[in-house]
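Chemist: This is the structure alone, sequence omitted:
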């Protein structure tokens, strides 16, 4: 008979590289002065079982970041970055900053985002201030009250004045009209 030989093929186990990819739920967050905004950093792992450290760099003046968790384990899907603008932070538009994830055996991976810092929007309001709070007026006489109208926030609309709840026999009028 024929001789049969056995050939042993040894396979060297190829270790696949550990890689990660980052994505953001909001790559252009906007935050008002004296307020905060959150960005979620999704970490897509490929053959990566390392704990990853997330960091932020390049934030504009007056903006800070708090990362939760700072150490992202394989059980975590990512981290939340809370950006807080100080009350005196300069306003900026689409200022780039970088979020980086690093870990043992993993190439550092970064993603760029752009934060906008805005001044808070003031509520629209008006304030009407009379120059006197009360005035004794004799029957048949007139008395002038000067009212100061102050607009606040971004209010630019028309203001119509009316006087109500006057005693019987007392009337009020606005010589220059009642719309300001």
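Modeler: Yes, it's here. Keep in mind that this is a model prediction, so the values were computed, not measured.
Chemist: Could you say whether residue 170 sits in a helix, a strand or coil?
Modeler: Residue 170 carries the three-state label coil when classified by DSSP: H, G, I helix; E, B strand; the rest coil.
Chemist: How many neighbouring residues does it have?
Modeler: Residue 170: 9 surrounding residues under other C-beta atoms under 10 Å. Every residue, glycine included, has its C-beta placed from N, CA and C.
Chemist: Now it. Nearest residue, chain neighbours left out?
Modeler: residue 137 (7.8 Å; C-beta to C-beta, 6 or more residues apart in numbering).
Chemist: tell me the SS of that neighbour?
Modeler: coil.
Chemist: isn't it right up against residue 166?
Modeler: No. Using C-beta atoms under 8 Å, residue 137 is not in contact with residue 166; the gap is 11.0 Å.
Chemist: For residue 143, see how far away the residue nearest to residue 170 is.
Modeler: 5 Å (C-beta to C-beta, to the nearest Å).
Chemist: and the residue most central in space within the chain, what is it in contact with?
Modeler: In the chain, the centroid-proximal residue (C-alpha atoms, centre = their mean) is residue 31; its distance is 2.6 Å. Residue 31 makes contact with 37, 63, 83-85, 115-118 under the criterion C-beta atoms under 8 Å, 6 or more residues apart in numbering.
Chemist: ditto for residue 66
Modeler: Contact partners of residue 66, counting by C-beta under 8 Å, 6+ apart, are 81-82, 84.
Chemist: Report pLDDT for it.
Modeler: Note for residue 66: predicted pLDDT of 98.
Chemist: Which strand residues bridge it?
Modeler: residue 82 (DSSP bridges).
Chemist: Kindly provide the distance from it to residue 36.
Modeler: Counting by C-beta to C-beta - residue 66 and residue 36 are separated by 9 Å.
Chemist: Now do the shared contacts for the two.
Modeler: 82, 84.
Chemist: The residue nearest to the centre of the chain: helix or strand, and which one exactly?
Modeler: strand 30-32 (DSSP states H and E).
Chemist: Pairing partners for that strand, with directions?
Modeler: strand 106-118 (parallel).
Chemist: Now do the buried residues in the partner strand.
Modeler: By neighbour count on 16 or more other C-beta atoms under 10 Å, the buried set for strand 106-118 is 106, 109, 113, 115-117.
Chemist: Would you mind listing where the protein has pLDDT under the threshold?
Modeler: Counting by pLDDT under 70, the chain has low-confidence residues at 1-14, 153-154, 175-180.
Chemist: now the strands for it?
Modeler: All strands of the chain, identified by DSSP state E, fall at 19-24, 30-32, 35-46, 52-57, 63-68, 71-72, 78-85, 92-103, 106-118, 125-130, 147-152.
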